[in-house]
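Student: got a predicted structure here, sequence first:
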There are 2 protein chains.
Amino acid sequence: MVVWRPTPWGGRDAKRKNLPRVVRARKLLRVNIELLNTGSELMLGRVLNTHQQWLCRRLSDLGYVVTRQVAVPDTARDIQSAVLEALSRADLIIATGGLGPTSDDLTRDLIAQLLGRKLRLDEAVLDHIRRRFAARSLPMPKNNEVQALVPEGALVLANPNGTAPGLAIRVDEDGGWKVEDGKKSHPPSSILNSPSSRSSKWLVMLPGPPRELRPMFDHFVAPLLRREFPLEAPFVCRTLRTSGVAESLVQEKIATPLDALAANGLDIGYCARPGQVDVRLSARGGNAAKIVGEAEAIVQKILGAQIYGYDDEELETVIVRLLAGQKKTLVVAESCTGGCLAHQVTSVPGASAVFPGGLVTYSNEAKQKFLGVRTETLAAHGAVSEAVAREMAEGARSQLGADFALAITGIAGPDGGTKEKPVGTVFIGLAGDFGTVVERKFNPFERGTFKEITAWQALEMLRKQMICP
Amino acid sequence: MVVWRPTPWGGRDAKRKNLPRVVRARKLLRVNIELLNTGSELMLGRVLNTHQQWLCRRLSDLGYVVTRQVAVPDTARDIQSAVLEALSRADLIIATGGLGPTSDDLTRDLIAQLLGRKLRLDEAVLDHIRRRFAARSLPMPKNNEVQALVPEGALVLANPNGTAPGLAIRVDEDGGWKVEDGKKSHPPSSILNSPSSRSSKWLVMLPGPPRELRPMFDHFVAPLLRREFPLEAPFVCRTLRTSGVAESLVQEKIATPLDALAANGLDIGYCARPGQVDVRLSARGGNAAKIVGEAEAIVQKILGAQIYGYDDEELETVIVRLLAGQKKTLVVAESCTGGCLAHQVTSVPGASAVFPGGLVTYSNEAKQKFLGVRTETLAAHGAVSEAVAREMAEGARSQLGADFALAITGIAGPDGGTKEKPVGTVFIGLAGDFGTVVERKFNPFERGTFKEITAWQALEMLRKQMICP
């Protein structure tokens, strides 16, 4: 469980602008944070918006909840109207993208224009960009110069991983606004009327590439947030991840026992994926930790071993932890999942201590050569069969000398199905000291989902075996 | 290249509401489509919003561009204000999530309330839900009944993959609006003033799980869109995916030669990822195909083999196509990427014809046993070395009898680095008829990114070898 402690009340922040205490108190109760992701490639569906999850997650880890996320294409009208609307609601706006060197990178210019700030060339930034190119023995293209333009009064957030710096601008009520034709104007009335308009807002622009954005958030934005928008009340959130119970049944089992806590401020959320349901318990305020702790104990008692993990813990992380704790090793033999299971296990830092290796045996020859699957078994039952899954698991275990072996053989599709074994049919074998078991599953999903769900089912078979041998 | 033809002008749609032609024509020029993703789990960063990419992609394939995407938590205030704002701007709103059976699934109720529509129990939907539980020999939890509630006048979109149906509501100008206290009121003035307010808008609600949402979009929403918002002008979009040239350099090379076409309506977009830049060429109107075709030819001539793929084509898809075309096979031997490379290759339908298998050899024993890496080589150079990468590639190629073998050994981190070989160091070996080459790379990224970028670099080594042997 993560508990965020509030910043002590008062001090420099409360005095900073001689604001009435009541205004600052109200603001601290709910800091409105909005994300604005710019990029036509997002709106055309060419790329996945990973910034939303990453930034929302980081912010909730700090005790702040994002109240809205907006994505718009790289056009002046869309970007400026989205910024203007966000300024009318939010205390902090984090904009991503549009700081690159190409003609569709407009965010910096458009925001400077909207706020009536001139752009000036920052020699230090220009020097940094030049040195990055020089380090790779390349001349700096002329286009990159625009990345050294900084709106007046903006803080420059250094970018050790790229050319574009981040920018942070404090937008004061009396800071004025510029309309597009360049005439100074008052802020739109909607901004004056919004609850948080009586003190400063911050607008932060971060570059689009994740490996530039992420360290910049941690180094600059998180400290800025803690300083400018200190938390008044702790926020506590705990997610229990369950498997094998339908979403409505999870609620049917736990809702009534949690009623009393819900009346005291417990917030309950559910999120379903195939075969899994996450239960999210959260509360804010002085009693938050106690409320969430009691709720967790109740759910724990009701759902027991159907809870496989906590918070962000993925099943593969749980498996690596269980294996390490029991000093056991795991190997895998995959046909239709084609390395997906090995990839999941090895995504966990420290996996190498419990995972000597895996085999991706797509062809029958590979199944025979590396796993010792018998020609007769393949001939009698076919490659997608209980018998072959069993021999694959036992072969992998003995070949690689591990405590457990998981083996998967099935039909990922889109082709290759038959009437008896349609696309989506899969056999998962688990071999260990206890013997070998094989389960038949039916996962009629598109190829990527098929691979992921099947790998997940294999890990869940192992988890159940390990916790209830 | 994909070309979308416009629906023939006039006919039923133009007459439907006796609107002046100019109003409908203006509307058809830009159909405003907005996505609204609801879910506190999104705002807390617990899950990735894959709906945005999928829906945006599908819509752009149909010739429509999403003008805004918004995500909000599951709270009445946030959902209703987001819906109201979207109604003031958009012609079609697609809302996702919040149709489940649990207490935080509020979208259906809140939208019905906002539009002043009563909810009625739909017996056919209830029957469908009951039968889904019966098919799994489970009693239907009482909670699921709410999923059979349908706002007055809404179309029910059948859900063969889950319990919650989708809902589509036509919102007419004269349809009236209800404020939260239940009193009938006129639509907010901002709605009356918006350019598209003179005809019907549609609000579509889709369930959150991707395998329910996706077929529902294809079966119901796409036909609805074509009928209600026919395209006036074709939209053509082509993406060229390049490797090995910096983003600013790509623009420096191609922008001036494309100037004349840009003046004629060509839109150019750039999207950079590590080592890669996508160039997006698009245009709308009668000459769109010609303009985009000419632009593509110009970029093709300038960037040549640095273009590895087109549109959504991933590098692994290109590799499988190249291998199939040349009747060659590929095997892989992975240490630090732990199955990521095999997983990528096998994500391509038809990979089994060119990919007999792969080996994930995390431990030195596995490298020796399955790949024949020599003890002396490991002792003299260490597992992360050019010599071991070479022996892994050659061993995999001969063991599995393939035309090409890719081998990867490196330090994914977070631990295990040394001064000479810091975390991120990796050796990629490629063996084939032509001999064996090894490249040393430095990918100092977090574990997941490290694996993906390294696998990508390995495939790119193979592509270059295959197209320029």
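Tutor: Sure, I can see it. Keep in mind that what you see is a predicted model, and the values were worked out from it rather than measured.
Student: residues from the stretch 51-200 of chain A in reach of chain B?
Tutor: Counting by C-beta under 8 Å from any C-beta of the partner chain, the residues of the stretch 51-200 of chain A close to chain B are A:52-60, A:65-74, A:78, A:82, A:85, A:100-104, A:138, A:141-144. All C-beta atoms are positioned from the backbone trio N, CA, C, and that covers glycine.
Student: those, buried ones only, as a PyMOL selection?
Tutor: Of these, the buried ones can be selected in PyMOL as follows, counting by 16 or more other C-beta atoms under 10 Å in any protein chain shown:
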select buried, chain A and resi 52+53+54+55+56+57+58+59+60+65+66+67+68+69+70+71+72+73+74+78+82+85+100+101+102+104+141+143+144
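Student: among the residues of the stretch 51-200 of chain A next to chain B, which are located in strands?
Tutor: Taking DSSP state E as the definition of strands, those contribute A:66-72.
Student: turn those into JSON lines, columns for pLDDT.
Tutor: JSON lines is the format used below for those (pLDDT from 0 to 100):
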{"residue": "A:V66", "pLDDT": "94"}
{"residue": "A:T67", "pLDDT": "94"}
{"residue": "A:R68", "pLDDT": "97"}
{"residue": "A:Q69", "pLDDT": "97"}
{"residue": "A:V70", "pLDDT": "97"}
{"residue": "A:A71", "pLDDT": "97"}
{"residue": "A:V72", "pLDDT": "96"}
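Student: could I get those as CSV with distance to A:G265?
Tutor: Below are those laid out as CSV (distance: C-beta to C-beta, whole Å):
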residue, distance to A:G265
A:V66, 21
A:T67, 19
A:R68, 23
A:Q69, 25
A:V70, 29
A:A71, 32
A:V72, 36
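Student: does stretch A:267-277 reach chain B?
Tutor: Yes. Applying C-beta under 8 Å from any C-beta, one finds stretch A:267-277 touching chain B at A:268-274.
Student: so where's chain A uncertain?
Tutor: A:1-29, A:173-199 (pLDDT under 70).
Student: domain assignment for it?
Tutor: A:2-228, A:235-310, A:325-467 (automatic domain parsing).
Student: can you redo these as CSV with distance to B:G448?
Tutor: Shown next, in CSV, are those (distance: least, C-beta to C-beta, whole Å):
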stretch, distance to B:G448
domain A:2-228, 10
domain A:235-310, 18
domain A:325-467, 6
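Student: most neighbours per residue, which of the ones you listed?
Tutor: domain A:325-467 (a mean of 21; mean count of other C-beta atoms under 10 Å in any protein chain shown).
Student: distance between the ends of that domain?
Tutor: With C-alpha to C-alpha, to the nearest Å as the measure, domain A:325-467 spans 12 Å from end to end.
Student: which residues in the stretch 1-150 of chain A form helices?
Tutor: Remark: helices assigned in the stretch 1-150 of chain A by DSSP state H, counting those that start in this stretch are A:11-15, A:21-29, A:40-43, A:50-61, A:76-89, A:107-115, A:123-135.
Student: and the angle from the helix or strand hosting A:T242 to helix A:50-61?
Tutor: Assigned by DSSP states H and E, A:T242 belongs to strand A:235-243. Here the directions of strand A:235-243 and helix A:50-61 differ by 120 degrees (axes from the mean of the first three to the mean of the last three C-alpha atoms, to 10 degrees).
Student: in its sheet, what does strand A:235-243 sit against?
Tutor: strand A:2-3 (antiparallel), strand A:276-284 (antiparallel), strand A:307-310 (antiparallel) (DSSP bridges).
Student: just the CA trace of the last one, in PDB.
Tutor: Output for strand A:307-310, consisting of C-alpha atoms alone and laid out as PDB, is shown next (Å, rounded to 0.1, in the frame of the first residue of the first chain):
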ATOM      1  CA  ILE A 307      -6.400 -12.600  -5.700                       C
ATOM      2  CA  TYR A 308      -3.200 -13.100  -7.700                       C
ATOM      3  CA  GLY A 309      -1.500  -9.700  -7.200                       C
ATOM      4  CA  TYR A 310      -1.600  -6.200  -5.900                       C
END
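Student: and the next element down the chain from it?
Tutor: In N-to-C order, the element after strand A:307-310 by DSSP H and E is helix A:315-326.
Student: list the buried residues of that following helix.
Tutor: Buried residues in helix A:315-326, counted by 16+ other C-beta under 10 Å: A:315-320, A:322-323.
Student: tilt between that helix and strand A:235-243?
Tutor: Relative orientation of helix A:315-326 and strand A:235-243, computed by the same axes, to 10 degrees: 80 degrees.
Student: give me the contacts around the helix or strand following helix A:315-326.
Tutor: Downstream of helix A:315-326, the next assigned helix or strand under DSSP H and E is strand A:330-334. With C-beta atoms under 8 Å, 6 or more residues apart in numbering or on different chains as the test, strand A:330-334 has contacts from A:319, A:323, A:340-342, A:345, A:354-361, A:367, A:370-371, A:392-393, A:395-397, A:399-400, A:402-408, A:458, A:462, B:339, B:360.
Student: close to chain B: what parts of the stretch 351-469 of chain A are there?
Tutor: A:351-352, A:355-363, A:365-366, A:369-370, A:399-401, A:412-415, A:445, A:447-449, A:451.
Student: tell me which of the residues you listed fall in helices.
Tutor: Taking DSSP state H, the ones among these that sit in helices are A:365-366, A:369-370, A:399-400, A:447-449, A:451.
Student: so which of those residues comes closest to A:S248?
Tutor: Distance to A:S248 across these (C-beta to C-beta) is lowest for A:T449, with 22.2 Å.
Student: check contacts around the closest one.
Tutor: Counted by C-beta under 8 Å, 6+ apart, A:T449 has contacts A:274, A:443, B:210-211.
Student: 10 Å instead, please
Tutor: A:274, A:412, A:443, B:210-211 (C-beta atoms under 10 Å, 6 or more residues apart in numbering or on different chains).
Student: helices - which of these land there?
Tutor: Using DSSP H, the contacts of A:T449 in helices are B:210-211.
Student: need the contacts of A:T449 in CSV (columns: distance to B:S200).
Tutor: As requested, those are exported to CSV (distance: C-beta to C-beta, whole Å):
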residue, distance to B:S200
A:P274, 36
A:A412, 43
A:N443, 40
B:P210, 29
B:R211, 30
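Student: what's the distance between the closest residue to A:P209 other than its chain neighbours and A:Q465?
Tutor: Nearest residue to A:P209 in three dimensions, chain neighbours excluded: A:G162, at 6.0 Å (C-beta to C-beta, 6 or more residues apart in numbering or on different chains). Going from A:G162 to A:Q465 by C-beta to C-beta, to the nearest Å gives 46 Å.
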